[in-house]
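Asker: Any chance you can model this:
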Amino acid sequence: MAAATVFVYAVEHGTQAPAVVPLQDPCQQRELPDAGGFTGAIQNEALRLLDQGACQVGTSREELALALFDPARGRQFKLDHGVDPRSVGGLLALLGG
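Answerer: Down below sits the predicted model:
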């Protein structure tokens, strides 16, 4: 029975994979999550700033966010876009400072 369960799971996993989420253009205004309160306002401002920085260098919000927190992605981001998002100067340049 366990072997059959594993087999069914393996077959279903290949056919029932989650849908691909398209990355949106950070230069286009988009609807932000409906998060209320002070923390929601902070979240929305952070998303707006990420969109602004990503639009400035021609990348996605998601790539910029990953580059901020992952050293390897940050190095690749600097190579690709000429800005080090993990440095204070680079971060201020990207986020409008």
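
Asker: Could you give the number of residues near residue 74?
Answerer: For residue 74, the count of nearby residues is 19 (other Cβ atoms under 10 Å). For the C-beta atoms, the positions are set from N, CA and C on the backbone; glycine is no exception.

Asker: cool, and residue 26?
Answerer: Applying other Cβ under 10 Å, we find 24 residues neighbouring residue 26.

Asker: Check what pLDDT it gets.
Answerer: At residue 26, the model reports a pLDDT of 92.

Asker: tell me which element it is part of?
Answerer: Taking DSSP states H and E as the definition, one finds residue 26 inside no helix or strand.

Asker: How about the contacts made by it?
Answerer: Applying Cβ atoms under 8 Å, 6 or more residues apart in numbering to residue 26 gives the contacts 50, 51, 52, 54, 55, 59, 60, 61.

Asker: right, and the secondary structure at residue 19 would be what?
Answerer: Under DSSP: H, G, I helix; E, B strand; the rest coil, residue 19 falls in the coil class.

Asker: Near it, how many other residues are there?
Answerer: When neighbours are defined as other Cβ under 10 Å, residue 19 has 5 of them.

Asker: what's the spacing between it and residue 79?
Answerer: Applying Cβ to Cβ, to the nearest Å, the value for residue 19 to residue 79 is 31 Å.

Asker: neighbour-wise, which of the contacts of residue 26 leads?
Answerer: Counting by other Cβ under 10 Å, top hit in the contacts of residue 26: residue 54 with 24 neighbours.

Asker: Name the nearest residue to that residue, ignoring sequence neighbours.
Answerer: With sequence-adjacent residues excluded and distances taken as Cβ to Cβ, 6 or more residues apart in numbering, residue 54 is closest to residue 26, at 3.9 Å.

Asker: Whichever helix in the chain runs longest - contacts with which helices or strands?
Answerer: When the chain is scanned for its longest helix (criterion: DSSP state H), the result is helix 37-57. Applying 3 or more Cβ pairs under 8 Å, 6 or more residues apart in numbering; DSSP states H and E, one finds that helix 37-57 makes contact with helix 61-69, helix 88-94.
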